[in-house]
Structures are given as structure tokens and as C-alpha cells.
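# The amino acid sequence is not available; the structure is as follows:
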């Protein structure tokens, strides 16, 4: 064993070093999209991110960020490196865990480990660990600043530690496990899901003859312990502290936090007394349990950082959990919608009543104040195990389409279960599992279409069974970096490992199966996911892929045993190791390298800079959440880029704490012109105001309307069903009077364009309710008096513009609100504030699009938007006869922006580009793009035509887009006397019109 331990330890660190190098080579050098910008910014200044927070991750990120020294541009690099080290350490503990399981299998057949036995175990660990190293989902998280890498590390440590306990029977390992679980709460809750597997290991080790009922009981006890930590520690400890604080503040007149502090003191004093008692009475198990509970609480204490920093009022302070009551809401994820799990409604069930479930509180000046009540809806039609519950219209349409239901049909119980099996399990779990171990079609987000985001094996007859004819796959699939073909070989190796493990050691087979279930399928059951997610969610199930990597490793032993029947033990080990290494880790590494190599990728940072540089000084920029906001927070908070611009995230503007933030100085940005007092928008006050038609035909001045909406006079309110009086929206017709001299004085419009200034802005507010964010936006627009430029991100939804679309002009990645006389014939997409739009575009940083080794879907979306903006700007410059400027825009675009088409939608942008090039007399480049585009569309059409007519119907929008592009290119080439090219396009159109007519009718 001494020899094995030495080799095992050394080999583990070799694997660790290898994984570190791999992930370091692929690591993104700066921020990534989605939550990464928020995490890096919050770590750098120890700020408060979105619910439920990750305080320990932020503190670790802060520690690593110190490596950047005074170079803030390197902060993201070092916070990303947290994931690199966490991921490679995960591979280390996975290697040791596989070896611990393999060792027990080998020791069943021999007491003394031979060198061959040792290297068989090492081979199993290496293949399994390296397969996980190059698995799609884990590799993705390993190279960016997200919580999933370090969360998986905690999971790996906990599972490895219980195997060490099983080997040594030393309960100090259980205390260590409790500490890691407690610490992991401050990063992510994934490691909690290992508890049922830990319970089984404990039961099997303590019981000589395990039984079915004993195993079931151990599993249920594990689930109960999981619930104790998930709800008892994370929820109820904080809830009791909050209730104690409510009592001491409201009843005894003490300061905020006093009651919570006294509760914590009493809790730990009680634990101390109980531990002392258990020692005195020699109650070992009680003592062990109390110590474990104490260590979990110790790890959980990282959340003190959240409430401490929230009280410091940092620039990022989401939900403002500055009191025990608000911290409980923060940890309870109050901002997220509650979903039915065991019993609940269908999507078309009608609400018939509601049940009051509690009160909500806000922090007042000296006491907690009731801000509202919580309710649970009661519906007329319910079912057990509700899986089709969302009443949002896009979700309803998806349910009906997926299940083939008519408009008036309600799903049966079995159709509801069928949706769970086919969508929630099949599409939102097994598809992700298959990406990792069978193969992946492309990196496009899948919503059910047969050409986006599916699993593929690379074996065309198999793939054709669920994706249609695969004989004429287009470049949009075959040349996509995410097209990773594993031929199902890692899956086969894992299945061999499962069979072998259950045959040789059923106990460990059940443990690994439990780990797989709890970190995968159980999550699906618990979160009850609605459809049309904004991004792929495979990262949530990375723990179950970890469990499968264990059996991939065990598969090496299975292959070795099979080969040993026809060759020597030594030869069988060599061949088995080489074969398994090739069909799993090597194949996965070769196929996956291109879409996981983010070295040189700077598109997220450049997007953030370009967003901010699309704004004039001291601007107000309204954005959406996620990729519209988080990269901008990073740019401002970490690198100090354009901190004069106030980024207003509309997703958070409906909370009073965020409006309070907007009223404070933030870096170089002055407070926003919000006249509302906190008492007028605090939680529970004016959360939403209904529109009631008062028959007002003339437009109402925005300032006057604001006075009505915020009035406390009962005459300005209407009575609600519960007898209370609330403000309301009496009209949808709004106006904002314009003082042309003020517009000129603030340089909103040049003096030379004074005749273009409108006398007033007139618009219709189309929504049924005025939400708090709308109220705040009304206030800002009404009181700004054009002193600060107001912009909307191009990424916000149409309803965000509040009906002001005709007054919006592009100046980059933003639309600017300008008081110009509107042209009803011109859409906002075609309008630019040309002089500034030109200056901004020339200052754009765009090198990342060509320097990146891999452009992910989000980068490609931004690339498409950049081309659209550049083409519009060029067309408007040509219309203004500014030829030199138009050429400058086109030249920069061609030099910096790739012309590659990733989908038929991308070809739409080629229409304006080709038209602009012909107008600029660059016939050669224009004709080349026409030929490339028509060839690309021909290949896409050939693929669609190779499918069954019923499958072709799903591509009808793409078919229309393709024909639209070809028809426009034909007209443009004909207009510019490119007769040969025009003739070719006409022939192509005629051919495909005939073929599609024959196919689709």
C-alpha cells in the first residue's frame, strides 16, 4: 500500500498540473459574458451581487485579484484563474476518488497489490479524470469567473473525504466534510447534494449485511439531512434571527441588528453548552453531530460579508440586504417566481381565489414596517406533479406546440408527465448529458429545432433517427466550432464501467448512482423548469457528469478484464489504457478544443467599452440585465472606464433600494434627476398602478401626470377590490413640452439644426400598468430637462421604450432620446444621429472579433448587431453625400469584422453591405460577397430540401429569409449592371422556387 499511495499521490499532482496547463491555455484573459462581469466587479470591491449571493467566492476572488497589483486590466485575468485552479483541483480529487473505488475492486481479488494492479488503478483514475477534464460543460466553466468551478471542487472534496473516512474510519473526516459543506454554501449549493451519497457510504461501512430497506432508510436519512442544511441552516437560522430582530426593534425599540445578534449569541452559547454536556456525558454521536452542525454554521458565516458590505452602500448592492429581515429575503430568493412542485395548476387554469401566507417587511427609519402581504393562488384545475404550469403566453405557446395541443385543450395528467419526460428530462437534461459523452451538434441555443443545439453522435444513421437526413449537412453545422463528434464512445465506456462496478462492488455502484441522481435528475425534479430559458442550463448538472466520469474510469478495468481473456495481463492493461485514453479523453480534447479555447477573446470587454463610448459625457443609459449590464459594471467598477455614464438596469429599477442608489453620487456620475421621495416608492408603495380610461382625448404633460401618479390625495386615487385606495394612470396619451433654447444650450441638438427640433414629444404609453420602474423613468425624463443625454441599450425589449420609439436615434450600441420632429416613414433601426454615430463608431474597439480563437453565440450576436449598425450608418452617410466618411466606416468594418455567416439570419446584413459597396464603387468586393452569400444559401437550402416535408415546415421562416436575401441581391446586382451575377441569382431563385414548391406545395 505504501508504494500505491506514493504513486497515487504523485500521479494525482501530475494530473493536476496537466489540467491546470490545459485550462490556463484556454482561459479567457478578461471578463466573459453572463454573470462573470458582475462576479468580478463584486469581488474586486467586495460588493453585493444578485440573490442568493456567493460571499466566499467573492472573498476568494478578491484575494486573487490582488495579484493584479495596480493594473486593473489584469483583475479579471486573476479572478478567472480562481476557476482554473478550482477546476484542476477538482480533477485531482476526482482522480483520487476513482482510484479509491478501483482499489476496493482490485483488493477483492488479491490481498497484495502487484505493480500491474497499481497501474491498472492509476490508469482507471487517469482516464476518468481526463475525460471529465475535457467534458463540454465542466471545461466551459473552468475558464471563466463563475461559481460552478469552485462549487464542483467542493463537491469533489466532500465525495473524496467520505471515501477517506470509509478507508480510515476516522470521524475527523466527517468534521472536515461538515466544514467544506458549510463553506460551500457561500459559493453555491451543489455540494449539499452529495449528502445522500455520504449517508449511503456511512451505512454500508457501518453495516455488515446491508438490506434493501436499510439502504432505502439510509438514503432517506441523507435526504432529510440535506433538507436540514438546505432549509434548517440556510433558511430558518436566518429567519429566526430576522424574527428576533423584528421583536427587539419593533417591540423593545432597539437598534436594527440587535435581536439578530442576541439570537446568534444564544445559538452559539446553546451549542457550546450542548457540546460540553455531550463531552461530560460521553455521548459521542451527539457530540459528533453538534460539532458538525457548528462547523456548517461556521462555514455559513461567510454571509456576514453580505450584510456588512450592504450597509456600506457600495455601487453594486442588489436587493440591499442590509438588515436581518432583508437578508432572509435575499437568501430565500424572493425576487424569483415560486413554482409548484407536488400539486398545482396547469398553464390554462383560472385563478379563483388567493390565500394569504404572510407579511413582508421593509426597513423604516427606526422600525420595520409592513410592506405588503404574500399570497398563494388557488386555481380551478390542478394536478399532481405539475410540469406545465406557467401562464406566460410564450410558455403557453411552447407547451401547446411541444405536446400538440389545441387552443382550448388542457393537458391530461399523462400528457403533463409526458412533457416532464420529453422536455424537462429529455431536452433539458439528457441532451446536456449527451453533449458531454455522445457528441454535440453545434453551439447554437436549442429550443427544439432539429438544427440547433442537439446531441449528435457523428454516426449519421443514428443521428438521422431524431434529426432527419444527415447526408447534406450545411457549413452552419459542420463548420460550427461546437460540432463535437464523440461517436458515443465515452458513453459506451461509462456504461461498461457501470456494469462492471455493480458486478464487482454493488455498494459503490449504488453510491455513485445516488450521486448521479442527486446532482442531476433530482435537480430537474426540484426546479421544475419552464421552457424558453434565456441560455443553456447544462452547468447546473455538472455534478452528475462528474459521477459519470467515475464510471468512465472504472470502464478501463472492465475493458482490461475483457482483453485479459485473450492476452496477457500486462498486454491487456497497455491496450486497454491506450484504447480508453483515445476513445474518451483524447477524442474529447481534440473535438472540444476549438470551442473551449478562449485565449485572446476580448469581445465581452470590447462590447462594454463600445456601449459606454456610444454615450456622450454624463449620460444616463437604460439597460437590460445580464449581458446588457454586467460587462458594463465590470468596465466601470474594475477598470474605471467611463464612470461618468450612469448605467440604470431596468430589471432592478422596480426595487426601492436600487432607486435610492440611483439618487446617490456614483464614481463620476452625479445623482439621477429623480424628484420622488423614498416614501413615494418604498417597498409596497406604488409597486404597480393600473391604467383606468378616464376618456381624456388630449395628451397630458408628463410632469402633470407624474404629480397625479405620486399624489397622496385620495381624490387622485381609485378604490381597489380590497377597499384600499391606489394611484392610477388616467390616460395613455403623454407629451413633454420642448424649449428649443434649452435644447441648444445643453448641446443636445446643434444650433444649425434648430428648425428640426419638435415643439413637444407626443407618445402613447401602451401598457396596462405603470410599474415602479416606469414611474422612475417618467420622473427622470420629466426632470432631466435635457441636461444629461438619455440612452436606451439596443438590447432592451420594445416595451421598455414606453412608446418613445419615434424619438430614438442610434449613436452606436445605444439609442438616444432626441427631441427632433419625427419622420413616421423611418423606423428607429434606420435612424442615426449621424455626426455622433460616426465619431463613436470610429472609436469602437473591434479587434476581438478577429483575434479570438473562438466566437461564442453571444459574440456572434454582437457581431451581427455591429454589422447592422455599421451598414445603417454607412447608408445614412451616403444619403447625406458624405462619401469619405462612408468609406471610412466600410473600411473599418471590413478590416475588423468577420464576414462569416453562422446562420441564414446572418445573410440579411449582407443586403445593405452589398448595396453600400456598390454605391461606393467597390464592385469587386460587393460581387464577391454576393457570390459567397448565394453559395451559402444554396447549401442551406439543399440541407432543408433533404429533410422530410414535415421537417421542412419548421424552417419556413429561414426559407423566407433566404429567398428575401436572394431576391434583394438580384435587384441590387441588376441595378448596378452586374448582369452575369444577376442572371445567376435569377436562375438560383427559379431552381429553388421550383424545388420548394414541389416539396412543400
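On my side now, so go ahead. The model shown is predicted, which means the values in this text are computed figures rather than measured ones. Residues are numbered from 1 along each chain as shown.
# per-residue confidence for the nearest residue to residue 94 once chain neighbours are set aside?
Closest residue in space to residue 94, ignoring its immediate chain neighbours: residue 129 at 4.8 Å, by C-beta to C-beta, 6 or more residues apart in numbering. The way it works is simple: take the backbone N, C-alpha and C, and place the C-beta from them, glycine included. Listed pLDDT for residue 129 reads 98.
# count of neighbours near residue 129?
30 (other C-beta atoms under 10 Å).
# is it true that it touches residue 552?
No - if you go by C-beta atoms under 8 Å, residue 129 and residue 552 don't touch, sitting 9.3 Å apart.
# Show me what counts as buried in the strand or helix carrying residue 402.
Using DSSP states H and E, the element containing residue 402 is helix 393-403. Neighbour-count burial for helix 393-403 flags 395, 396, 398, 399, 400, 402, 403 (criterion: 16 or more other C-beta atoms under 10 Å).
# That helix - contacts with which helices or strands?
When contacts are defined as 3 or more C-beta pairs under 8 Å, 6 or more residues apart in numbering; DSSP states H and E, helix 393-403 packs onto helix 413-419.
# contact partners of the helix it packs on?
The contact list for helix 413-419, computed with C-beta atoms under 8 Å, 6 or more residues apart in numbering, reads 346, 383, 384, 385, 386, 387, 388, 399, 402, 403, 405, 411.
# next one: stretch 18-30
73, 76-77, 80-81, 83-85, 87-88, 91-92, 129-130, 133-134, 139, 142-144, 589, 593, 596-602, 604-605.
# re earlier: nearest to residue 577, of the buried residues of helix 393-403?
Comparing those against residue 577 with C-beta to C-beta picks out residue 402 as the nearest, at 44.3 Å.
# Need the pLDDT of the nearest residue to that closest one once chain neighbours are set aside.
In space, and not counting its chain neighbours, residue 402 is closest to residue 423: 5.9 Å by C-beta to C-beta, 6+ apart. If you check residue 423, the pLDDT there is 96.
# how close does residue 423 sit to residue 764?
38 Å (C-beta to C-beta, to the nearest Å).
# Then residue 504?
On the measure of C-beta to C-beta, residue 504 and residue 764 end up 72 Å apart.
# Comparing the two, which shows the higher neighbour count?
Set residue 504 next to residue 764 and count neighbours by other C-beta under 10 Å: residue 504 wins out with 20 against 12.
# contacting residues for that one?
Contact analysis of residue 504 by C-beta under 8 Å, 6+ apart lists 105, 108.
# From residue 552, how far off is it?
Applying C-beta to C-beta, the value for residue 504 to residue 552 is 16 Å.
# Likewise for residue 256?
Separation of residue 256 from residue 552 (C-beta to C-beta): 53 Å.
# what does residue 752 give?
Taking C-beta to C-beta, one finds residue 752 at 71 Å from residue 552.
# Compare those two (neighbour count), which wins?
For the pair residue 752 and residue 552, the greater number of neighbours falls to residue 552 (31 against 8), based on other C-beta under 10 Å.
# Surely the more buried one forms part of a helix?
Yes - assessed with DSSP: H, G, I helix; E, B strand; the rest coil, residue 552 lies in a helix.
# Contacts only, for it.
Listed by C-beta under 8 Å, 6+ apart, the contact partners of residue 552 are 127, 128, 131, 132, 437, 490, 493, 494, 497, 584.
# hmm, 7 Å instead?
Residues in contact with residue 552 (C-beta atoms under 7 Å, 6 or more residues apart in numbering) are 127, 128, 131, 490, 493, 494, 497, 584.
# Please, which helix or strand holds the closest residue to residue 785 other than its chain neighbours?
Among residues not flanking residue 785 along the chain, residue 742 sits closest, at 6.4 Å (C-beta to C-beta, 6+ apart). Here residue 742 sits within helix 740-745, counting by DSSP H and E.
# what's next to that helix, contact-wise?
With contacts defined as C-beta under 7 Å, 6+ apart, helix 740-745 is touched by 749, 751, 754, 757, 785, 786, 819.
# Over to stretch 602-613?
Residues contacting stretch 602-613 (C-beta under 7 Å, 6+ apart): 29-33, 37, 631-632, 634-635, 641-642, 645, 793, 812-814, 840, 843-846, 848-849, 851-852, 859, 862.
# I'd like the mean pLDDT over that stretch, please.
Rounded mean pLDDT across stretch 602-613 is 97.
# Now do the same for residue 407: helix, strand or coil?
Residue 407 carries the three-state label coil when classified by three-state DSSP.
# can you pull the pLDDT of the nearest residue to it once chain neighbours are set aside?
Closest residue to residue 407 apart from its sequence neighbours, by C-beta to C-beta, 6+ apart: residue 400 at 7.2 Å. We have a pLDDT of 94 for residue 400.
# show me the biggest helix of this structure in terms of residues.
Longest helix of the chain, by residue count under DSSP state H: helix 75-107.
# Summarise which helices and strands that helix is packed against.
Here helix 75-107 touches helix 2-26, helix 36-45, helix 55-65, helix 115-133, helix 147-168, helix 542-563, going by 3 or more C-beta pairs under 7 Å, 6 or more residues apart in numbering; DSSP states H and E.
# now those helices as CSV including distance to residue 525?
Shown next, in CSV, are those (distance: least, C-beta to C-beta, whole Å):
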stretch, distance to residue 525
helix 2-26, 32
helix 36-45, 28
helix 55-65, 26
helix 115-133, 24
helix 147-168, 19
helix 542-563, 13
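# And those helices: which comes nearest residue 720?
Of all these, helix 36-45 comes closest under C-beta to C-beta, at 37.1 Å.
# tell me what that closest one is packed against?
Packing partners of helix 36-45 (3+ C-beta pairs under 7 Å, 6+ apart): helix 55-65, helix 75-107, helix 630-637.
# Tell me what angle it forms with helix 630-637.
Using axes from the mean of the first three to the mean of the last three C-alpha atoms, to 10 degrees, the direction of helix 36-45 lies 30 degrees away from that of helix 630-637.
# list the buried ones in helix 36-45?
36, 37, 38, 39, 40, 41, 42, 43, 44, 45.
# Who are the contact partners of the first one?
So the one you mean is residue 36. Neighbouring residues of residue 36 by C-beta under 7 Å, 6+ apart: 144, 145, 146.
# Can you tell me which of these is closest to residue 892?
residue 144 (29.1 Å).
# Kindly tell me how buried the closest one is, as a neighbour count.
As a measure of burial, residue 144 has 25 neighbours, counting by other C-beta under 10 Å.
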